[in-house]
Structures are given as structure tokens and as C-alpha cells.
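A structural model of the following input is requested.
(2 chains)
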Amino acid sequence: MEVKEIERIMEKYDADRTDVLGMLMDIQEKERYLPREALRHLSEKLSVPLTRLYNMATFYEALSLKPLGRHQIHVCMGTACHVRGAARILDKLESSLSIKPGEVTPDLNFGLKTVNCVGACALGPVVQVNGEYHGNMSALKVERMLKRYSEADKEKTE
Amino acid sequence: MVNLTIDGKKYQAEEGQNVLEVALENGIEIPHLCYHENLSPYGGCRLCLVEVTRNGRAFLTTSCTYPCLDGIIVKTDTPEVLRARRLVLELLMPLAPEAPQLQALARQMEIEEPRFKTDEEADDCIRCGLCVRACTELVGAQAITFSGRGYRKTVEPPFGEEALDCIGCGTCVFLCPTGCIQMVDKSAERTIARWQRTLPLKACSSCGRYYIPFAQIEFARQKSREAPAEDWFDLCPDCR
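This is a model prediction of the structure:
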């Protein structure tokens, strides 16, 4: 990540260290993870101890120190989704992508994660991709959903 | 001043004091591992649980984080309190099975074998946060921190690598209730393995004993408002 980019994010918050969580989230959104140099830079420029930033980065689920997938898939494992077969959907995703929850595909296209409730129980079982909700999911629909996202990528590059 | 009752006796406390502080001052023993008078209370070890009755309602709470309020009634040894503390200790023990301080408490509470086990191998840390608070509040080096959350929480330097801000003062080693932070001085080097940190030591110009890391001298010089005399650190405290 370029220093200029970090500086730009800092300026957005007037380099106020009480807004450091906002800065971290902006960096996360931009880079899909928190690069070490970015944390070091923030720590130095804002006089926030690196330990404090590291503490925040490991505490919040929304922040990650490792790159996440371009399409981050959250499988809801909450009670309502669980009883309607969330486990089967997760199994299917694991085998289709050949990764386990918490991992990312080698090409960084897809990341897989389980979450405990996304607050849309009536739509269950729910899978969330890049913040978009896919309700009434089933193992059969998984392939189609993945294909849609990878094809959308192809169109963008063409 | 506020008036409160602890175990049937009336005590006076200053506003802002916590219940554990007042109990200890008056010779009432409450077990505690994460409390230190010079550090902010944290309520991490949960061993100092007591029963507090306020406005006619009784509840269990950690005495180190509960403020002295006018008219509260504190009981430190009801069967409920003792049972809750026992459970807490049983939960702590698998985290640090070898720790003498925990074993002494277990003998006191007559626990032979804790009922619980950890999934992963114990790292002897009970996450009491004394080292983190000492490094942040007392020393000011801020070299270590909590990482993660819930049962995955650990104490480590940033990125789990060498603690680059550690000055090797050994405060965390001294305070750790389980002794899980080890510090070894070997000739001119000090190593704190848990923080993956090795620092060169300065020798006393009189007795020749290696007694302080150069990093700690540098840190002290930067922190102190009045610069200590140039040769202050040449002699060890015994030779001064």
C-alpha cells in the first residue's frame, strides 16, 4: 500500500487519533487487509502505540491482517439457518472452493467464513457475499452463485 | 467518605476506592491474581468475587472493579461466593497447571483435580493482563498487548514477533502470577523468550556485574524530565 494512500485516509479524518478505527476500516476496505507497513505508518504519524493498533486489528471481526478474498463469503450458522441446513451449504462451499472456513482460495478470488447470525433469519439459510444477501440458499444453488461472481469478474476484465 | 459493611463490620472508605482495596487495607483476605494497587483494576481473573447487597438486591461481582458506595453490604465468604470462586479457579487451573500460586489457592479451596481441560496445550498464561497493564501504565514501553478475543485471546507482541518496543526491564516477569514469562541473563545478554526479545546488558563499572539493558537506560533518559547525570548508570544500585 502506498504511503500517499494512507496519508489520504488519515486526512479524511483530520489525522485525529480517536478516529483510528475508521482509518483502519478504510484501509481494510481498500486493501482487503491491514498491511503491516500501514499499521506502522499510522502508529508513527498518530502517536498511537503499535500494540494498540495490533490489539484492535485482532479484536474486530471486520479487520484482518491477512488478505481476504475478492468475494468474501459469509455462511450464516445461526440457529434458524442451522436447522434449515446451513451445514450442508457450508460443506458444498468447502468442497467447491477446496478451502476451509477462515481460508482464502490461492487466487484470492473467494474467501470463506462462518458467522453466527446475519439478522435475516426469515430468509434462512442465508449466505452473504460482499455484503449481498442470498436467502433461501441450498447446496444446489451454491455452484450457480459462485459462477455468477466469477463471471462478473471476467466481464469486468474484458 | 462513604460507609459500607464488609462481613458484618462497618468500615469507612474514600470515594473512588474499590471494595477489594478497602477489604485488603482492613485485613480481610479476598483471593486475587489480576489486581495490583498501582495498576487500573481489570476484573480479569474473577477470583475476587464477593456478594454485594445494594438497595436490597444481592448479586455477585468482582470486588476489584466495584466501587465503594454508601450503604452497600459486602459478604466475602458466603457459600455462594466460595462456590463461585471455586468454579473460577477450576477454570483457571487447566490454563496454568504448574503455577505454584494457583496450586496454593487450590489447596486452600480444597480442589484436588479441576473438572475442566483445555482443548489446546496450556501456555501457562491465565490472561489476567497484569503484564499488559504494567507495560502500558507503569513502564510506558507498550511492548505487548492482548491479541484476539474470547477463548482465542492471548498476550503477545505486535504480529506475534519480536517485541521491538520491549526494553527488557522485567516488570512483566516480576508481576506474572503464574511465572509464565521467563527472563534469563546470560553474561552480557538478557533474554525474555516469551516476547522473543534479546538485549545487550551494561556492566557496572565498579563490580563488573551486568545489571541493566542499554535499551532500558535509553528509555529512562527519554522519559525522565530532568536528565539523570551522565554517569548515573555506570554504577549498579548496589555500588552507587
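
what helices or strands is the top helix by length along chain B leaning on?
For chain B, the helix that runs over the most residues, judged by DSSP state H, is helix B:79-92. If you count contacts as 3 or more CB pairs under 8 Å, 6 or more residues apart in numbering or on different chains; DSSP states H and E, helix B:79-92 packs onto strand B:49-54, strand B:57-62, helix B:100-108. Just so you know, the C-beta spots here come from the backbone N, C-alpha and C atoms, and that holds for glycine as well.

for A:D14, which of these is the nearest?
A:D14 sits nearest to strand B:57-62 of all these, at 38.6 Å, using CB to CB.

tell me the strands beside the closest one, with direction?
As defined by DSSP bridges, the strand partners of strand B:57-62 come to strand B:49-54 (antiparallel).

any idea of the angle the strand it pairs with forms with helix B:79-92?
Using axes from the mean of the first three to the mean of the last three CA atoms, to 10 degrees, the direction of strand B:49-54 lies 140 degrees away from that of helix B:79-92.

doesn't B:A134 make contact with B:L39?
Yes - counting by CB atoms under 8 Å, B:L39 does reach B:A134; the two are 6.3 Å apart.

of these two, who's got more company?
More neighbours surround B:A134 than the other of B:L39 and B:A134, with 23 against 17 (other CB atoms under 10 Å in any protein chain shown).

part of a strand, is the more buried one?
No - counting by DSSP: H, G, I helix; E, B strand; the rest coil, B:A134 falls outside a strand, being helix.

list the contacts for it?
The neighbours of B:A134, taking CB atoms under 8 Å, 6 or more residues apart in numbering or on different chains as the test, are B:36, B:39, B:171-172, B:175.

looking at these, state which has the most neighbours.
For these, the largest number of neighbours (other CB under 10 Å) sits with B:C172, at 27 neighbours.

doesn't it lie inside a helix?
Yes - B:C172 forms part of a helix when assessed by three-state DSSP.

of the helices and strands packed on helix B:79-92, which is nearest A:S138?
With CB to CB as the measure, strand B:57-62 is the member of the helices and strands packed on helix B:79-92 nearest A:S138 (46.4 Å).

what sits up against the helix or strand of chain A with the lowest mean pLDDT?
Taking mean pLDDT, DSSP states H and E as the measure, chain A has helix A:139-157 as its least confident helix or strand, at a mean of 85. Helix A:139-157 is contacted from outside by A:70-71, A:85, A:88-89, A:91-93, A:96-97, A:109-110, A:127, A:129, A:134, A:137, using CB under 8 Å, 6+ apart.

filter these to the buried ones?
Neighbour counting by 16 or more other CB atoms under 10 Å in any protein chain shown classes A:70-71, A:89, A:92-93, A:96-97, A:110, A:127, A:129, A:134, A:137 among the contacts of helix A:139-157 as buried.

so what's the residue nearest to B:I73 when sequence neighbours are not counted bridging to?
Spatial nearest neighbour of B:I73, chain neighbours left out: B:T53 (4.1 Å); criterion: CB to CB, 6 or more residues apart in numbering or on different chains. Assessed by DSSP bridges, B:T53 has beta-bridge partners B:A58, B:I73.
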